[in-house]
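Participant: sequence and predicted model, in that order:
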Amino acid sequence: MITVQEAQSILSNVQIQWGVESIPLNEATGRYLAEVVRADRDYPPFDRAMMDGFAIRFCDWQKGQRTFSYSHQQWAGSPIIELPKDEACEITTGAAVPSGFDVVIPIEKVEVGDDGTFTCSEIEKLKSGWNIQKQGVENKKNDVVVKKDTFISAAVVAVLASCGITMPLVYQRPTIAIISTGDELVPMDVSPLTHQIRTSNAHALRVLVQPLSRQIEIFHLNDDALIIQDWMQQHALQWDILLFSGGVSKGGKDYLPQLWQEDGFECLFHGIAQKPGKPMWLGKKNQTILFGFPGNPVSTLVCAIAYLIPWIKLQWSHQIVSQHIQIQDTISTNEKLDLWIPVVLENNQFKILNYLGSGDLIGFSALNGIIHVPSNQTFNNKNQEYRFYPITNF
């Protein structure tokens, strides 16, 4: 049995490439960029007015001129105009500053006359470039504006659109097969007999990984070694990720790890010193990775939140972003096992979720995420910070 840190380290070193694809920009939010994006021109592409007001030449101001005549307007989106040297220009925010002009005086600083003139009182610290954003001050043409592996948020979409990137190159999402096992399970639309239960783990996993995958299919296999072996031989390598639920502990029918290894999957680890989810299994064959989660619903969700989701994100972004939160409650630790403890957000504060143990799926469903409590640390104080793994954060 290995530690949580060792399991996370092993998993972080499993690198699998799912390829890249170009997709429409309006579908790219939430994906990771697989290319470097460079500025296709200077930004801003012209000297840009930062205020509504009047454009003047600083040299005229230096000569003591305070009343200016104007007969032209420069609106945002209008072509740059050429003006006589003895004229100023009315201008709006975002407009291109006419050639030769290097100061924009805000409208509230002037008195506009009825004769096509305006007068400006003294302004301290007025200088060339005042209220003008110079061409290329943000980025020069060919500058990198978005790095490879960047998460595409709404703000990044705005940058890509401004650079004319209509079909960004992004990392593909994996295909995922979710396989529940167990003779006691029946479909959720079937009335179970007294000794049966409806399948829940597969559907919880599906919702959890849906934003991270391009294709998902759910399978159910009874506890029959030949059936499972046949399915593995026919279907396993068709998928990028296999998520098994059940059959990984030490019960009489927990023979999945042996079948997986017989099918050629390398066991990367089996068993983590943690609670819940101690029997978790991880293996790899070619470019397919297999997560073997315990059959207990709480254990399955905890292991998926703690290991599966961060790993998929790591394949795209090539970095792990840690989140930490403060917990108001005092937490008792386990001497031998790391703990994964569900927490809930109440009144803007995270608290330990009150539920009745690993079988209480209904009570557990209120969680906002889980925290990691190492076995080798002592937390006796309230308001302690813990690493936080959210149930949703896409």
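Facilitator: In hand now; what should we look at?

Participant: remind me which residues of this protein are low pLDDT?
Facilitator: Scanning the chain for pLDDT under 70 picks out the ranges 183-186, 196-198, 251-253, 318, 358-359, 377-382, 393-394.

Participant: separation between the residue in it sticking out farthest from the centre and Ser71?
Facilitator: Largest separation from the mean C-alpha position in the chain: Asp115, at 57.6 Å (CA atoms, centre = their mean). As judged by CB to CB, to the nearest Å, Asp115 and Ser71 stand 11 Å apart. Heads up, the C-betas are built off the backbone N, CA and C, glycines and all.

Participant: which stretch of helix or strand covers the nearest residue to Arg38 once chain neighbours are set aside?
Facilitator: Using CB to CB, 6 or more residues apart in numbering and skipping the chain neighbours, the partner closest in space to Arg38 is Asn142 (5.1 Å). Of the helices and strands defined by DSSP states H and E, none includes Asn142.

Participant: wait, isn't Asn142 in contact with Ala39?
Facilitator: Yes: assessed by CB atoms under 8 Å, Asn142 is found in contact with Ala39 at 6.3 Å.

Participant: so the nearest residue to Ala366 once chain neighbours are set aside versus Cys120, what's the distance?
Facilitator: Spatially, and ignoring its direct neighbours in sequence, Ala366 is nearest to Val344 (5.5 Å; CB to CB, 6+ apart). Distance, Val344 to Cys120, using CB to CB: 60 Å.

Participant: which of those two has more neighbours?
Facilitator: A count of neighbours by other CB atoms under 10 Å puts Cys120 above the other of Val344 and Cys120, at 20 against 15.

Participant: look up the closest residue to the more buried one, ignoring the ones flanking it.
Facilitator: Cys120's closest residue in space is Val110 (CB to CB, 6+ apart), at 4.8 Å.

Participant: and the strands in the stretch 51-200 of the chain?
Facilitator: Secondary structure of the stretch 51-200 of the chain (DSSP state E, counting those that start in this stretch): strands at 53-56, 67-74, 88-91, 103-106, 110-112, 117-120, 132-133, 144-146, 169-171, 175-181, 185-186, 197-198.

Participant: just the C-alphas of the second one, formatted as PDB.
Facilitator: Meaning strand 67-74. Extracted as PDB, the C-alpha positions of strand 67-74 are listed here (Å, rounded to 0.1, in the frame of the first residue of the first chain):
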ATOM      1  CA  THR A  67      -8.700  78.700 -27.500                       C
ATOM      2  CA  PHE A  68      -9.000  76.400 -30.500                       C
ATOM      3  CA  SER A  69     -11.200  76.200 -33.500                       C
ATOM      4  CA  TYR A  70     -12.600  72.900 -34.800                       C
ATOM      5  CA  SER A  71     -14.800  71.800 -37.700                       C
ATOM      6  CA  HIS A  72     -14.100  68.100 -37.800                       C
ATOM      7  CA  GLN A  73     -15.000  65.100 -35.700                       C
ATOM      8  CA  GLN A  74     -13.100  61.900 -35.300                       C
END
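
Participant: now that strand: buried residues?
Facilitator: For strand 67-74, burial by neighbour count (16 or more other CB atoms under 10 Å) applies to Phe68, Tyr70, His72, Gln74.

Participant: likewise for stretch 366-375?
Facilitator: Neighbour counts over stretch 366-375 (16+ other CB under 10 Å) mark Leu367, Asn368, Gly369, Ile370, Ile371, His372, Val373, Pro374, Ser375 as buried.

Participant: tell me which two of those residues sit farthest apart.
Facilitator: Asn368 and Ser375 (23.6 Å; CB to CB).

Participant: give me the distance between the two termini of stretch 320-340.
Facilitator: End-to-end span of stretch 320-340 (CA to CA, to the nearest Å): 19 Å.

Participant: ok, Asp86 - how many residues close by?
Facilitator: Neighbour tally, Asp86, other CB under 10 Å: 10.

Participant: which residues in the stretch 151-300 of the chain form helices?
Facilitator: 154-162, 201-209, 225-235, 256-262, 297-303 (DSSP state H, counting those that start in this stretch).

Participant: so which of these gets nearest Ile289?
Facilitator: Closest to Ile289 of the helices of the stretch 151-300 of the chain is helix 256-262 (CB to CB; 11.4 Å).

Participant: what packs against that closest one?
Facilitator: Helices and strands touching helix 256-262, by 3 or more CB pairs under 8 Å, 6 or more residues apart in numbering; DSSP states H and E, are helix 225-235, strand 266-270, strand 281-285, strand 288-293.
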